[in-house]
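1. sharing a model that was predicted from the sequence below.
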Amino acid sequence: MKRRPGTAPAANGTGGTAHTAVRRAWDGLIQVLAGSESAPAWRWRSPQERLAAYAALGLATLALCIVNAGTMHGVPAMHGPPILSPPTNQPGLGQRVLAVAVVAPLPLAARYPMLAWRIGWLALLLSPLVPAAWWGGWPWGPPQVLALLGAFCLAGVRHQRPVLWWMWALSLIPWWLWLTADVANLNGPFGATIVFTAATIALDSISSRWRAQRALAAQTERIEVERARRAVLEERTRIARELHDVVAHHMSLIAVRAETAPYRLSGLPESARAEFGSLSEVAREALAEMRRLLGVLRHDQPAGLAPQPQLSDLPALVDAARRAGVPVELSVPPALDRVPSGVALCAYRIVQESLSNASQHAPGAAVTVSVDHEAGAVLLRVVNGPGGPAGPSRNERGPGHGLTGMRERVALLGGSLSAGPAPDGGFVVSAVLPLGQAA
């Protein structure tokens, strides 16, 4: 099969996989030797948990300092002849630096585990070069090894698999490099290999599980954000359908009144009759465009007009809530009978949703609905007291948007809405709906 001129040959699948593996291994080695700290794969569940971890590290550091002090004053960590360094009877600067390097991983491991492991590993690697007669041979006993292992675990669990296994390999080099020629200490490298290999396998499994859980949590969070965004869009679409019906009703009245004006008003000049005819034609064209828009909004429903509820329908809504077992008191002054349709629809939906929320979250609680008029705005307030145990969640009853829908409706009118708990344990919803922008 001939290749087109100017195109690269197809990469071999096995070769590509091998190249990727080598690349990941190389990147892992660079990360171990000179990389920055990675974010932890876990999260502290509380400040108390973080404090307990730091306290444990502090106690372990203190214990290791005591062990090292005892070692420097004649208590051997692991018996055996000196390996490379000449004997000496008193600890000098090298021994003191080594003792600090052995202890350093523990206090650093909480925030900088990779740095802590590097310090401990260098101390392990360079230990045989320090005069050793005062400790009797190989200076790394179980306490010192556990300190290095702790830093190893905290650093390894933060990184991907290549970094972890490079740390495992590098951690074992000092044991096999310095102790294989010493038959008396063969248990050292073998024991270290077993311990670090078991720890690495466990860390590999734990960190993989933690990362999978974090990825799942991140995906779940993205799904919830997308679900909330879709809920807002669906609510806006539903509001648009209802407002379409309100506006379409007014446009129909304009078209009818403009068309019948020449017959209802006598003595109109010809120019006025032509103007009314033009107004009627424009109104009907606008109505047709709105019906086409409704067809887009109601792609799964027939595009028709439906009467929308008004403030005069609130008594019927309250009666239905009472029949459902919700004790409701309603206060609506007669002066609000001629509120603009958009404002009335918004107020009705807020009361409807508030009654639904009260019946769900505070069963049996008394609810007070008050509607008033002040300074060119409708004032709406729905208060429910504390009730009994909450009913089934909204997810069990079906999808709903609650306060999101209320805020969307109020925002369309340029009003304001507040909703929150009352001092007595109930809930209060208050809305200010301007009349001017809806008129």
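-> Cool, the structure landed.
2. can we go C-alpha only for contacts and neighbour counts from here?
-> Noted.
3. pass me the low-pLDDT residue ranges in the stretch 301-439 of the chain, would you?
-> 301-307, 337, 388-401, 437-439 (pLDDT under 70).
4. domains in this protein, as residue ranges please.
-> According to automatic domain parsing, the chain comprises the domains 26-185, 234-297, 311-434.
5. report the mean per-residue pLDDT for the helix or strand containing residue 108.
-> Assigned by DSSP states H and E, residue 108 belongs to helix 105-109. Across helix 105-109, pLDDT averages out at 70.
6. A strand includes residue 381, no?
-> Yes. Read with DSSP: H, G, I helix; E, B strand; the rest coil, residue 381 is one of the residues of a strand.
7. okay, now it: neighbour count?
-> Here the number of neighbours of residue 381 (other CA atoms under 10 Å) works out to 22.
8. could you find the closest non-adjacent residue to it?
-> Distances taken as CA to CA, 6 or more residues apart in numbering place residue 430 nearest to residue 381, at 4.4 Å, with adjacent residues excluded.
9. state the three-state secondary structure for that neighbour.
-> strand.
10. and it, what does it touch?
-> 379-382, 417-419 (CA atoms under 8 Å, 6 or more residues apart in numbering).
11. past the helix holding residue 108, which element shows up next along the chain?
-> Next along the chain after helix 105-109, taking DSSP H and E as the criterion, comes helix 113-126.
12. give the buried residues for that next one.
-> 113-121, 123-125 (16 or more other CA atoms under 10 Å).
13. so what's the residue count around the closest residue to residue 352 other than its chain neighbours?
-> Counting by CA to CA, 6+ apart, residue 317 is the residue found nearest to residue 352 once chain neighbours are left out, at 7.3 Å. Neighbourhood size, residue 317 [other CA under 10 Å]: 16.
14. tell me which element residue 317 is part of?
-> Using DSSP H and E, residue 317 falls within helix 314-323.
15. helices or strands next to that helix in the packing?
-> Other elements packing on helix 314-323 under the criterion 3 or more CA pairs under 8 Å, 6 or more residues apart in numbering; DSSP states H and E are strand 328-331, helix 341-361.
16. now do that helix and helix 341-361, the angle between them.
-> 10 degrees (axes from the mean of the first three to the mean of the last three CA atoms, to 10 degrees).
17. take helix 314-323, keep the C-alpha atoms, and write them as PDB.
-> As requested, C-alpha coordinates have been extracted for helix 314-323 and formatted as PDB (Å, rounded to 0.1, in the frame of the first residue of the first chain):
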ATOM      1  CA  LEU A 314     -55.400  32.500  44.400                       C
ATOM      2  CA  PRO A 315     -58.500  31.600  46.500                       C
ATOM      3  CA  ALA A 316     -59.000  28.400  44.400                       C
ATOM      4  CA  LEU A 317     -55.300  27.500  44.900                       C
ATOM      5  CA  VAL A 318     -55.500  28.000  48.600                       C
ATOM      6  CA  ASP A 319     -58.700  25.900  48.800                       C
ATOM      7  CA  ALA A 320     -56.900  23.100  47.000                       C
ATOM      8  CA  ALA A 321     -54.100  23.300  49.500                       C
ATOM      9  CA  ARG A 322     -56.500  23.200  52.400                       C
ATOM     10  CA  ARG A 323     -58.100  20.100  51.000                       C
END
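18. could you measure residue 365 against residue 326, distance?
-> 7 Å (CA to CA, to the nearest Å).
19. now the common contact residues for those two.
-> Here residue 365 and residue 326 have residue 359 as joint contacts, going by CA under 8 Å, 6+ apart.
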